[in-house]
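> would you be able to build a 3D model of this:
(one chain, ligands or ions: 1)
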Amino acid sequence: MSASPNIIPIPVSCRLTGGAPFALTALTVVTASDPALRATAAQLAVRLDVAVLDRAPAGVPVIALEIDSELTGRLGAEGYVLTTGAAGVSIRGGGAAGVFYGTQSLRQLLPPDIERFGWRAGGGGATVPAVEIEDRPRFRWRGSLLDVSRHFSPVGEVKQYLDTLALHKLNVFHWHLVDDQGWRIEIKQYPRLTTVGAWRETTTRTGAETTFDGVPHGGFYTQDEIREVVAYAAERHITVMPEIELPGHSSAALAAYPELGNTDAPGYAPKVQARWAIFPETYAPKPATLQFLDDVLTEVLALFPSPFIHIGGDEAMKEQWEASPTTRAFMKANGLKDGHEMQSWFIRRTENFLAQRGRRLIGWDEIQEGGLAPGAAMMAWRDVKWAIEAARLGHDVVMAPTSHTYFDYTEGTAEEEGGAIGAQTTLEKVYSFDPIPAELEPAHHARVLGAQGQLWRERMPSLAVVEFRAFPRLSALAEVLWSPVARKNYADFRTRLIWLLARLDRLGVNYRRPRD
Ligand code: ACM
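As a prediction, the model looks like this:
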(Lines give C-alpha, C1' and ligand atoms only; values in the text may rest on other atoms or scores of the structure.)
Protein backbone atom coordinates (compact mmCIF):
# COMPACT_ATOMS: atom_id res chain seq x y z
CA MET A 1 0.00 0.00 0.00
CA SER A 2 1.41 3.41 -0.88
CA ALA A 3 1.29 6.18 1.68
CA SER A 4 1.90 9.87 2.09
CA PRO A 5 4.20 10.06 5.12
CA ASN A 6 4.55 13.35 7.01
CA ILE A 7 7.79 14.14 5.24
CA ILE A 8 8.69 17.37 3.41
CA PRO A 9 9.88 17.08 0.71
CA ILE A 10 7.61 14.12 -0.08
CA PRO A 11 9.66 11.04 -1.01
CA VAL A 12 9.54 9.43 -4.45
CA SER A 13 7.81 6.37 -3.01
CA CYS A 14 6.63 5.15 0.37
CA ARG A 15 5.09 1.72 0.89
CA LEU A 16 3.50 0.44 4.11
CA THR A 17 4.98 -3.05 4.49
CA GLY A 18 2.37 -4.18 7.00
CA GLY A 19 4.73 -5.40 9.71
CA ALA A 20 4.93 -4.31 13.32
CA PRO A 21 6.16 -0.74 13.94
CA PHE A 22 9.63 0.31 14.98
CA ALA A 23 9.81 1.56 18.57
CA LEU A 24 12.48 4.05 19.58
CA THR A 25 13.79 3.34 23.07
CA ALA A 26 16.70 4.19 25.34
CA LEU A 27 18.35 0.99 24.13
CA THR A 28 18.24 1.91 20.43
CA VAL A 29 21.71 2.08 18.93
CA VAL A 30 22.83 3.91 15.79
CA THR A 31 25.44 1.92 13.89
CA ALA A 32 27.75 3.06 11.11
CA SER A 33 31.05 1.35 10.45
CA ASP A 34 31.88 3.47 7.38
CA PRO A 35 34.06 6.46 8.40
CA ALA A 36 32.24 8.58 5.78
CA LEU A 37 29.09 8.24 7.90
CA ARG A 38 30.56 9.15 11.29
CA ALA A 39 29.25 12.72 11.33
CA THR A 40 25.76 11.69 10.21
CA ALA A 41 25.60 8.89 12.78
CA ALA A 42 26.77 11.22 15.54
CA GLN A 43 24.20 13.88 14.64
CA LEU A 44 21.36 11.35 14.61
CA ALA A 45 22.45 9.78 17.89
CA VAL A 46 22.63 13.18 19.58
CA ARG A 47 19.19 14.08 18.29
CA LEU A 48 17.64 10.83 19.52
CA ASP A 49 19.81 10.80 22.66
CA VAL A 50 20.96 7.24 22.02
CA ALA A 51 24.34 5.56 21.61
CA VAL A 52 26.33 5.25 18.43
CA LEU A 53 28.50 2.19 17.81
CA ASP A 54 30.41 0.63 14.94
CA ARG A 55 28.49 -2.62 15.38
CA ALA A 56 25.42 -3.38 17.48
CA PRO A 57 25.43 -5.87 20.32
CA ALA A 58 22.96 -8.77 19.84
CA GLY A 59 19.36 -8.14 20.77
CA VAL A 60 19.19 -4.33 20.76
CA PRO A 61 17.07 -2.36 18.28
CA VAL A 62 19.34 -0.83 15.66
CA ILE A 63 19.26 2.09 13.25
CA ALA A 64 21.84 0.86 10.74
CA LEU A 65 23.46 3.35 8.37
CA GLU A 66 25.40 2.19 5.35
CA ILE A 67 26.49 3.18 1.88
CA ASP A 68 25.31 0.63 -0.67
CA SER A 69 27.25 0.89 -3.91
CA GLU A 70 24.55 -1.13 -5.63
CA LEU A 71 22.17 1.79 -5.04
CA THR A 72 24.58 4.41 -6.43
CA GLY A 73 23.83 3.52 -10.04
CA ARG A 74 20.08 3.31 -9.52
CA LEU A 75 19.43 6.24 -7.18
CA GLY A 76 22.61 8.34 -7.35
CA ALA A 77 24.79 9.42 -4.45
CA GLU A 78 21.92 11.47 -2.96
CA GLY A 79 19.38 8.66 -3.11
CA TYR A 80 18.51 6.28 -0.28
CA VAL A 81 16.30 3.40 0.80
CA LEU A 82 14.82 3.58 4.30
CA THR A 83 13.08 0.59 5.86
CA THR A 84 11.53 0.51 9.30
CA GLY A 85 10.05 -2.34 11.29
CA ALA A 86 10.07 -4.09 14.64
CA ALA A 87 13.58 -5.39 13.99
CA GLY A 88 14.99 -1.89 13.51
CA VAL A 89 15.70 0.73 10.89
CA SER A 90 17.95 0.41 7.88
CA ILE A 91 19.11 3.43 5.92
CA ARG A 92 21.12 2.61 2.83
CA GLY A 93 22.39 5.41 0.65
CA GLY A 94 23.88 5.57 -2.81
CA GLY A 95 26.49 7.75 -1.13
CA ALA A 96 27.06 9.46 2.21
CA ALA A 97 24.67 12.24 1.17
CA GLY A 98 21.91 9.72 0.54
CA VAL A 99 22.36 8.23 4.01
CA PHE A 100 22.20 11.74 5.49
CA TYR A 101 18.93 12.44 3.65
CA GLY A 102 17.56 9.12 4.88
CA THR A 103 18.22 10.23 8.46
CA GLN A 104 16.33 13.46 7.79
CA SER A 105 13.35 11.42 6.60
CA LEU A 106 13.54 9.17 9.67
CA ARG A 107 13.51 12.27 11.84
CA GLN A 108 10.29 13.41 10.21
CA LEU A 109 8.68 9.97 10.64
CA LEU A 110 9.22 10.32 14.39
CA PRO A 111 7.11 12.70 16.53
CA PRO A 112 8.15 16.40 16.59
CA ASP A 113 9.00 16.09 20.28
CA ILE A 114 12.08 14.00 19.48
CA GLU A 115 13.72 17.29 18.48
CA ARG A 116 13.75 18.26 22.14
CA PHE A 117 13.47 15.07 24.12
CA GLY A 118 15.07 12.43 21.92
CA TRP A 119 13.84 8.89 22.64
CA ARG A 120 11.96 10.22 25.69
CA ALA A 121 9.44 11.97 23.39
CA GLY A 122 5.87 11.06 24.31
CA GLY A 123 7.02 9.38 27.49
CA GLY A 124 9.36 7.07 25.60
CA GLY A 125 6.72 5.57 23.34
CA ALA A 126 7.72 6.94 19.94
CA THR A 127 7.01 4.54 17.10
CA VAL A 128 7.30 4.54 13.32
CA PRO A 129 5.02 2.35 11.18
CA ALA A 130 6.69 -0.33 9.09
CA VAL A 131 7.49 1.35 5.76
CA GLU A 132 9.86 1.16 2.87
CA ILE A 133 10.83 4.50 1.36
CA GLU A 134 12.82 4.87 -1.81
CA ASP A 135 13.91 8.38 -2.61
CA ARG A 136 16.17 10.60 -4.67
CA PRO A 137 16.14 14.30 -5.61
CA ARG A 138 14.73 15.71 -8.83
CA PHE A 139 17.34 18.50 -8.97
CA ARG A 140 20.95 18.65 -7.84
CA TRP A 141 20.92 22.39 -6.95
CA ARG A 142 18.55 22.99 -4.05
CA GLY A 143 19.62 26.32 -2.70
CA SER A 144 19.11 29.19 -0.33
CA LEU A 145 20.73 32.61 -0.63
CA LEU A 146 21.38 34.53 2.58
CA ASP A 147 22.44 38.17 2.35
CA VAL A 148 24.70 39.01 5.29
CA SER A 149 25.82 42.37 3.86
CA ARG A 150 22.65 44.41 4.34
CA HIS A 151 22.33 42.87 7.80
CA PHE A 152 24.98 40.71 9.41
CA SER A 153 24.47 37.37 11.16
CA PRO A 154 27.21 35.96 13.39
CA VAL A 155 28.42 32.37 12.93
CA GLY A 156 26.01 30.90 15.51
CA GLU A 157 23.02 32.20 13.56
CA VAL A 158 24.43 30.96 10.27
CA LYS A 159 24.80 27.47 11.76
CA GLN A 160 21.24 27.56 13.07
CA TYR A 161 20.06 28.51 9.60
CA LEU A 162 22.12 25.70 8.02
CA ASP A 163 20.48 23.22 10.42
CA THR A 164 17.06 24.20 9.11
CA LEU A 165 18.22 23.92 5.48
CA ALA A 166 19.54 20.41 6.21
CA LEU A 167 16.17 19.29 7.60
CA HIS A 168 14.72 20.21 4.18
CA LYS A 169 17.43 18.33 2.21
CA LEU A 170 18.59 21.64 0.71
CA ASN A 171 22.21 21.42 -0.38
CA VAL A 172 23.55 24.80 -1.57
CA PHE A 173 24.07 27.73 0.80
CA HIS A 174 24.66 30.81 -1.33
CA TRP A 175 26.44 33.17 1.05
CA HIS A 176 26.08 36.76 -0.18
CA LEU A 177 29.16 38.12 1.59
CA VAL A 178 29.82 41.36 -0.25
CA ASP A 179 27.68 44.34 -1.16
CA ASP A 180 27.52 48.12 -1.04
CA GLN A 181 26.39 48.10 2.60
CA GLY A 182 29.18 45.94 4.00
CA TRP A 183 32.10 43.61 3.19
CA ARG A 184 31.86 40.52 5.42
CA ILE A 185 34.86 38.25 4.75
CA GLU A 186 38.36 38.69 6.12
CA ILE A 187 40.95 38.99 3.33
CA LYS A 188 44.45 38.83 4.78
CA GLN A 189 46.13 40.88 2.05
CA TYR A 190 43.56 43.71 2.29
CA PRO A 191 42.77 44.35 5.96
CA ARG A 192 40.88 47.57 5.29
CA LEU A 193 38.10 45.54 3.63
CA THR A 194 37.01 44.57 7.13
CA THR A 195 38.41 47.36 9.33
CA VAL A 196 36.65 49.91 7.08
CA GLY A 197 34.41 48.07 4.60
CA ALA A 198 32.54 45.97 7.20
CA TRP A 199 31.08 48.93 9.08
CA ARG A 200 28.47 51.57 8.39
CA GLU A 201 27.48 54.43 10.65
CA THR A 202 23.75 54.21 10.27
CA THR A 203 20.96 52.38 8.45
CA THR A 204 17.80 53.55 6.75
CA ARG A 205 14.66 52.16 8.38
CA THR A 206 11.66 53.39 6.43
CA GLY A 207 10.10 52.68 3.08
CA ALA A 208 10.90 56.23 2.04
CA GLU A 209 14.56 55.44 2.74
CA THR A 210 15.19 58.83 4.26
CA THR A 211 15.01 57.98 7.95
CA PHE A 212 18.24 56.75 9.46
CA ASP A 213 18.49 55.00 12.81
CA GLY A 214 21.89 56.42 13.77
CA VAL A 215 23.00 52.97 14.97
CA PRO A 216 26.35 51.72 13.65
CA HIS A 217 26.03 48.30 12.02
CA GLY A 218 28.64 45.82 10.89
CA GLY A 219 30.59 42.65 11.41
CA PHE A 220 32.58 40.15 9.40
CA TYR A 221 33.74 36.54 9.42
CA THR A 222 37.37 35.76 10.11
CA GLN A 223 38.91 33.14 7.85
CA ASP A 224 38.81 30.68 10.75
CA GLU A 225 35.09 31.31 11.11
CA ILE A 226 34.56 30.82 7.38
CA ARG A 227 36.35 27.46 7.58
CA GLU A 228 34.20 26.55 10.58
CA VAL A 229 30.98 27.30 8.66
CA VAL A 230 32.17 25.45 5.53
CA ALA A 231 32.99 22.37 7.65
CA TYR A 232 29.70 22.57 9.55
CA ALA A 233 27.79 22.78 6.29
CA ALA A 234 29.78 19.89 4.78
CA GLU A 235 28.74 17.65 7.68
CA ARG A 236 25.17 18.40 6.59
CA HIS A 237 25.94 17.81 2.89
CA ILE A 238 25.55 21.49 2.13
CA THR A 239 27.99 23.22 -0.22
CA VAL A 240 28.75 26.80 0.75
CA MET A 241 29.00 28.93 -2.37
CA PRO A 242 30.44 32.39 -1.71
CA GLU A 243 29.34 35.43 -3.68
CA ILE A 244 31.97 38.10 -4.22
CA GLU A 245 30.24 40.88 -6.17
CA LEU A 246 31.99 42.52 -9.11
CA PRO A 247 32.27 44.85 -10.96
CA GLY A 248 29.33 46.69 -9.32
CA HIS A 249 27.86 46.52 -5.80
CA SER A 250 31.39 47.39 -4.75
CA SER A 251 30.91 50.54 -2.63
CA ALA A 252 32.11 48.90 0.58
CA ALA A 253 35.32 47.59 -1.03
CA LEU A 254 35.97 50.95 -2.67
CA ALA A 255 35.32 52.78 0.61
CA ALA A 256 38.21 50.71 1.99
CA TYR A 257 40.45 51.12 -1.08
CA PRO A 258 39.20 54.18 -3.02
CA GLU A 259 42.17 54.04 -5.40
CA LEU A 260 40.69 50.89 -7.02
CA GLY A 261 37.69 52.73 -8.49
CA ASN A 262 37.15 55.25 -11.27
CA THR A 263 38.82 58.00 -9.28
CA ASP A 264 38.70 60.57 -12.09
CA ALA A 265 34.97 60.15 -12.73
CA PRO A 266 33.12 63.28 -11.59
CA GLY A 267 31.39 62.74 -8.24
CA TYR A 268 33.40 59.61 -7.34
CA ALA A 269 32.90 59.26 -3.58
CA PRO A 270 32.66 55.65 -2.38
CA LYS A 271 31.43 54.89 1.11
CA VAL A 272 29.88 51.99 2.96
CA GLN A 273 26.28 52.68 2.08
CA ALA A 274 23.48 53.11 4.60
CA ARG A 275 20.64 53.24 2.05
CA TRP A 276 19.03 50.58 -0.16
CA ALA A 277 19.72 51.55 -3.75
CA ILE A 278 21.97 50.79 -6.67
CA PHE A 279 25.14 52.87 -6.48
CA PRO A 280 27.36 54.13 -9.31
CA GLU A 281 30.67 52.83 -7.92
CA THR A 282 32.35 50.12 -10.01
CA TYR A 283 35.84 48.65 -10.06
CA ALA A 284 38.13 50.32 -12.61
CA PRO A 285 40.09 48.16 -15.08
CA LYS A 286 43.53 49.19 -13.87
CA PRO A 287 46.44 46.97 -12.84
CA ALA A 288 46.11 47.52 -9.07
CA THR A 289 42.40 46.69 -9.18
CA LEU A 290 42.87 43.57 -11.29
CA GLN A 291 45.61 42.44 -8.90
CA PHE A 292 43.24 43.14 -6.01
CA LEU A 293 40.46 41.03 -7.55
CA ASP A 294 42.87 38.18 -8.26
CA ASP A 295 44.26 38.32 -4.72
CA VAL A 296 40.80 38.38 -3.14
CA LEU A 297 39.60 35.47 -5.28
CA THR A 298 42.77 33.50 -4.49
CA GLU A 299 42.03 33.76 -0.77
CA VAL A 300 38.36 32.95 -1.39
CA LEU A 301 39.24 29.81 -3.38
CA ALA A 302 41.45 28.58 -0.56
CA LEU A 303 38.52 28.83 1.86
CA PHE A 304 35.67 27.44 -0.22
CA PRO A 305 35.86 24.06 -2.00
CA SER A 306 32.64 24.91 -3.91
CA PRO A 307 32.96 24.04 -7.62
CA PHE A 308 31.00 27.21 -8.43
CA ILE A 309 32.06 30.69 -7.36
CA HIS A 310 29.41 33.41 -7.64
CA ILE A 311 30.77 36.74 -8.81
CA GLY A 312 27.55 38.76 -8.78
CA GLY A 313 27.65 40.72 -12.00
CA ASP A 314 24.21 42.27 -11.47
CA GLU A 315 23.22 45.92 -11.56
CA ALA A 316 26.63 47.29 -12.48
CA MET A 317 26.14 50.93 -13.47
CA LYS A 318 28.09 51.98 -16.50
CA GLU A 319 28.30 55.75 -15.90
CA GLN A 320 31.58 55.97 -14.01
CA TRP A 321 33.44 53.89 -16.60
CA GLU A 322 32.12 56.13 -19.34
CA ALA A 323 32.82 59.33 -17.35
CA SER A 324 36.37 58.42 -16.31
CA PRO A 325 39.02 59.56 -18.84
CA THR A 326 41.33 56.74 -17.69
CA THR A 327 38.72 54.01 -18.05
CA ARG A 328 37.54 55.45 -21.37
CA ALA A 329 41.11 55.26 -22.66
CA PHE A 330 41.34 51.63 -21.48
CA MET A 331 38.09 50.77 -23.24
CA LYS A 332 39.25 52.39 -26.47
CA ALA A 333 42.63 50.62 -26.35
CA ASN A 334 40.87 47.28 -25.81
CA GLY A 335 38.17 47.77 -28.42
CA LEU A 336 35.33 47.97 -25.88
CA LYS A 337 32.69 50.22 -27.35
CA ASP A 338 30.60 50.92 -24.23
CA GLY A 339 30.01 50.17 -20.57
CA HIS A 340 28.19 46.93 -21.42
CA GLU A 341 31.30 45.63 -23.10
CA MET A 342 33.38 46.83 -20.15
CA GLN A 343 31.13 44.77 -17.84
CA SER A 344 31.46 41.76 -20.10
CA TRP A 345 35.26 42.18 -20.14
CA PHE A 346 35.38 41.92 -16.33
CA ILE A 347 33.19 38.82 -16.34
CA ARG A 348 35.22 37.06 -19.04
CA ARG A 349 38.48 37.88 -17.30
CA THR A 350 37.15 36.46 -14.03
CA GLU A 351 35.72 33.39 -15.75
CA ASN A 352 39.16 32.71 -17.18
CA PHE A 353 40.83 33.23 -13.80
CA LEU A 354 38.47 30.74 -12.16
CA ALA A 355 38.63 28.21 -14.99
CA GLN A 356 42.42 28.12 -14.79
CA ARG A 357 42.01 27.15 -11.14
CA GLY A 358 39.45 24.43 -11.80
CA ARG A 359 36.40 26.39 -10.72
CA ARG A 360 33.32 27.57 -12.55
CA LEU A 361 31.91 31.07 -12.61
CA ILE A 362 28.24 31.66 -11.93
CA GLY A 363 26.65 35.10 -11.96
CA TRP A 364 23.33 36.93 -12.14
CA ASP A 365 21.64 37.07 -15.52
CA GLU A 366 23.20 40.41 -16.49
CA ILE A 367 26.44 38.52 -17.15
CA GLN A 368 24.80 37.35 -20.36
CA GLU A 369 24.72 40.88 -21.78
CA GLY A 370 27.65 41.07 -24.15
CA GLY A 371 27.94 37.28 -24.34
CA LEU A 372 28.50 34.59 -21.75
CA ALA A 373 31.93 33.00 -21.43
CA PRO A 374 31.82 29.34 -22.57
CA GLY A 375 31.98 27.55 -19.20
CA ALA A 376 30.02 30.12 -17.23
CA ALA A 377 26.73 29.30 -15.53
CA MET A 378 23.91 31.76 -15.08
CA MET A 379 21.50 32.49 -12.28
CA ALA A 380 18.24 33.91 -13.66
CA TRP A 381 16.62 36.47 -11.37
CA ARG A 382 14.92 39.16 -13.47
CA ASP A 383 13.06 36.72 -15.69
CA VAL A 384 13.23 33.04 -16.61
CA LYS A 385 13.59 34.09 -20.25
CA TRP A 386 17.29 34.70 -19.55
CA ALA A 387 17.66 31.13 -18.36
CA ILE A 388 15.89 29.77 -21.43
CA GLU A 389 18.22 31.71 -23.69
CA ALA A 390 21.33 30.59 -21.79
CA ALA A 391 20.23 26.93 -21.62
CA ARG A 392 19.62 26.93 -25.37
CA LEU A 393 23.17 28.20 -25.83
CA GLY A 394 24.46 25.29 -23.74
CA HIS A 395 25.02 27.02 -20.40
CA ASP A 396 24.02 25.56 -17.05
CA VAL A 397 21.40 27.68 -15.30
CA VAL A 398 20.01 28.04 -11.79
CA MET A 399 16.52 29.48 -11.36
CA ALA A 400 16.15 32.34 -8.89
CA PRO A 401 13.31 34.42 -10.39
CA THR A 402 11.75 37.32 -8.50
CA SER A 403 8.35 35.91 -9.55
CA HIS A 404 8.55 32.84 -7.27
CA THR A 405 11.78 32.75 -5.25
CA TYR A 406 12.37 36.20 -3.74
CA PHE A 407 11.43 35.61 -0.14
CA ASP A 408 12.14 39.22 0.79
CA TYR A 409 8.79 39.80 -0.93
CA THR A 410 5.95 39.38 1.58
CA GLU A 411 4.03 36.16 1.96
CA GLY A 412 0.93 37.93 3.29
CA THR A 413 -0.80 40.99 1.87
CA ALA A 414 0.67 44.49 2.03
CA GLU A 415 -2.02 45.36 4.62
CA GLU A 416 -0.89 42.46 6.81
CA GLU A 417 2.82 42.94 6.47
CA GLY A 418 3.43 46.39 4.96
CA GLY A 419 6.73 47.88 4.02
CA ALA A 420 8.40 44.95 2.26
CA ILE A 421 9.96 44.97 -1.18
CA GLY A 422 8.20 43.55 -4.22
CA ALA A 423 4.90 41.81 -4.92
CA GLN A 424 3.14 39.39 -2.60
CA THR A 425 4.51 35.87 -3.11
CA THR A 426 2.25 33.36 -1.44
CA LEU A 427 3.14 29.88 -0.25
CA GLU A 428 0.91 28.38 -2.92
CA LYS A 429 2.62 30.42 -5.62
CA VAL A 430 6.04 29.18 -4.51
CA TYR A 431 4.68 25.61 -4.46
CA SER A 432 3.38 26.03 -8.02
CA PHE A 433 6.84 26.88 -9.36
CA ASP A 434 8.44 24.54 -11.87
CA PRO A 435 12.16 25.19 -12.40
CA ILE A 436 11.83 23.73 -15.91
CA PRO A 437 10.13 26.47 -17.98
CA ALA A 438 7.29 25.14 -20.12
CA GLU A 439 8.83 26.73 -23.25
CA LEU A 440 12.21 25.03 -22.81
CA GLU A 441 12.76 22.16 -25.24
CA PRO A 442 13.37 18.76 -23.55
CA ALA A 443 16.84 18.58 -25.09
CA HIS A 444 17.89 21.49 -22.85
CA HIS A 445 16.19 20.43 -19.58
CA ALA A 446 19.38 18.96 -18.17
CA ARG A 447 20.88 22.48 -18.24
CA VAL A 448 18.56 23.51 -15.41
CA LEU A 449 20.56 22.53 -12.34
CA GLY A 450 17.79 23.57 -9.96
CA ALA A 451 16.65 26.66 -8.11
CA GLN A 452 17.06 28.58 -4.89
CA GLY A 453 15.19 30.99 -2.60
CA GLN A 454 16.56 34.49 -2.03
CA LEU A 455 16.71 36.30 1.31
CA TRP A 456 17.85 39.84 0.63
CA ARG A 457 18.07 41.42 4.01
CA GLU A 458 17.40 45.13 3.56
CA ARG A 459 14.40 44.66 5.84
CA MET A 460 15.53 41.61 7.80
CA PRO A 461 17.66 42.90 10.65
CA SER A 462 17.54 39.68 12.68
CA LEU A 463 17.53 35.92 12.20
CA ALA A 464 13.97 35.87 13.55
CA VAL A 465 12.81 37.96 10.57
CA VAL A 466 14.91 35.86 8.20
CA GLU A 467 13.15 32.72 9.44
CA PHE A 468 9.75 34.42 9.24
CA ARG A 469 10.33 35.20 5.56
CA ALA A 470 12.05 31.89 4.75
CA PHE A 471 9.70 29.36 6.27
CA PRO A 472 7.57 27.73 5.16
CA ARG A 473 8.09 29.16 1.66
CA LEU A 474 11.50 27.52 1.54
CA SER A 475 9.81 24.29 2.69
CA ALA A 476 7.56 24.55 -0.40
CA LEU A 477 10.56 25.22 -2.63
CA ALA A 478 12.38 22.24 -1.09
CA GLU A 479 9.52 20.00 -2.25
CA VAL A 480 9.56 21.64 -5.71
CA LEU A 481 13.27 20.82 -5.97
CA TRP A 482 13.33 17.34 -4.50
CA SER A 483 10.04 15.59 -5.27
CA PRO A 484 8.83 14.26 -8.63
CA VAL A 485 6.15 16.44 -10.24
CA ALA A 486 3.71 13.51 -10.03
CA ARG A 487 4.02 13.50 -6.21
CA LYS A 488 3.24 17.21 -5.83
CA ASN A 489 -0.14 18.12 -4.36
CA TYR A 490 -0.67 21.41 -2.55
CA ALA A 491 -3.50 20.21 -0.29
CA ASP A 492 -1.44 17.21 0.78
CA PHE A 493 1.60 19.46 1.32
CA ARG A 494 -0.46 21.70 3.60
CA THR A 495 -1.48 18.68 5.68
CA ARG A 496 2.10 17.45 6.02
CA LEU A 497 3.18 21.01 6.76
CA ILE A 498 1.27 20.95 10.07
CA TRP A 499 3.78 18.35 11.25
CA LEU A 500 6.79 20.16 9.87
CA LEU A 501 5.74 23.40 11.57
CA ALA A 502 5.28 21.54 14.86
CA ARG A 503 8.86 20.33 14.42
CA LEU A 504 10.10 23.85 13.64
CA ASP A 505 8.36 24.97 16.87
CA ARG A 506 10.44 22.47 18.85
CA LEU A 507 13.56 23.68 17.06
CA GLY A 508 12.82 27.32 17.85
CA VAL A 509 12.50 28.38 14.20
CA ASN A 510 10.41 31.54 13.86
CA TYR A 511 8.35 30.52 10.80
CA ARG A 512 5.28 32.37 9.54
CA ARG A 513 2.09 30.37 10.03
CA PRO A 514 0.38 30.34 6.62
CA ARG A 515 -3.05 31.92 6.53
CA ASP A 516 -4.20 31.28 2.97
C1 ACM B 1 19.56 40.90 -7.60
O2 ACM B 1 18.47 40.82 -6.98
N3 ACM B 1 20.09 42.07 -7.86
C4 ACM B 1 20.26 39.73 -8.05
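> show the pLDDT at the residue of the stretch 201-350 of the chain found nearest the ligand.
Nearest residue of the stretch 201-350 of the chain to the ligand, counting by C-beta to the nearest ligand atom: residue 314, 4.1 Å away. In this view, the C-beta of every residue, glycine as well, is placed from N, C-alpha and C. pLDDT for residue 314: 94.
> contact partners for it?
Neighbouring residues of residue 314 by C-beta atoms under 8 Å, 6 or more residues apart in numbering: 245, 248, 249, 363, 364, 365, 366, 381.
> what do you get for residue 43?
Residues near residue 43 by C-beta under 8 Å, 6+ apart: 103, 235, 236.
> what do you get for residue 83?
Applying C-beta under 8 Å, 6+ apart, we find residue 83 in contact with 17, 89, 90, 131, 132, 133.
> and the pLDDT for it?
On the pLDDT scale, residue 83 gets 98.
> which of the contacts of residue 43 count as buried?
Using 16 or more other C-beta atoms under 10 Å as the burial test, those include 103, 236 as buried.
> pipe the contacts of residue 43 into TSV and attach distance to residue 426 per row.
Shown next, in TSV, are those (distance: C-beta to C-beta, whole Å):
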residue	distance to residue 426
103	31
235	34
236	29
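> and the contacts of residue 43 as TSV, adding secondary structure, pLDDT and distance to residue 438?
Listed next are the contacts of residue 43 as TSV, based on DSSP: H, G, I helix; E, B strand; the rest coil; pLDDT from 0 to 100; distance: C-beta to C-beta, whole Å:
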residue	secondary structure	pLDDT	distance to residue 438
103	helix	98	36
235	coil	98	38
236	coil	98	34
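> measure how buried the nearest residue to residue 26 once chain neighbours are set aside is and give me the count.
Distance criterion C-beta to C-beta, 6 or more residues apart in numbering; nearest residue to residue 26, sequence neighbours excluded, is residue 119 at 5.5 Å. Applying other C-beta atoms under 10 Å, we find 20 residues neighbouring residue 119.
> tell me how far residue 119 lies from residue 46.
The spacing between residue 119 and residue 46, counted by C-beta to C-beta, to the nearest Å, is 12 Å.
> hang on, the earlier thing: for the residue nearest to residue 26, give its distance to the ligand.
Going from residue 119 to the ligand by C-beta to the nearest ligand atom, to the nearest Å gives 45 Å.
> what of residue 431?
For residue 431, the distance to the ligand (C-beta to the nearest ligand atom) stands at 22 Å.
> what's the neighbour count on that residue?
21.
> give the contact list for it.
Counting by C-beta under 8 Å, 6+ apart, residue 431 makes contact with 476, 479, 480, 488, 490, 493.
> ok, residue 42 touching residue 50?
No - in this structure, residue 42 is not within contact of residue 50 by C-beta atoms under 8 Å, at 11.3 Å.
> quick revisit: need the contacts of residue 83 in a markdown table (columns: pLDDT and neighbour count).
As requested, the contacts of residue 83 are exported to a markdown table (pLDDT from 0 to 100; neighbours: other C-beta atoms under 10 Å):
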| residue | pLDDT | neighbour count |
| --- | --- | --- |
| 17 | 95 | 13 |
| 89 | 98 | 23 |
| 90 | 98 | 18 |
| 131 | 97 | 24 |
| 132 | 98 | 15 |
| 133 | 98 | 22 |
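> make JSON lines from the contacts of residue 43 and add distance to the ligand to it.
Shown next, in JSON lines, are the contacts of residue 43 (distance: C-beta to the nearest ligand atom, whole Å):
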{"residue": "103", "distance to the ligand": "34"}
{"residue": "235", "distance to the ligand": "29"}
{"residue": "236", "distance to the ligand": "26"}
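> and the contacts of residue 43, which is closest to residue 58?
Checking these against residue 58 by C-beta to C-beta gives residue 103 as the nearest, at 23.8 Å.
> quick check: that closest one touching residue 44?
Yes - contact criterion C-beta under 8 Å: residue 103 and residue 44 qualify, at 4.8 Å.
> got any residues that touch both of these two?
Counting by C-beta under 8 Å, 6+ apart, the residues touching both residue 103 and residue 44 are residue 65.
> residue boundaries of the strands in the stretch 401-516 of the chain?
Taking DSSP state E, counting those that start in this stretch as the criterion, the stretch 401-516 of the chain contains strands spanning 448-455.
> what separation is there between residue 435 and residue 136?
Here residue 435 is placed at a distance of 16 Å from residue 136 (C-beta to C-beta).
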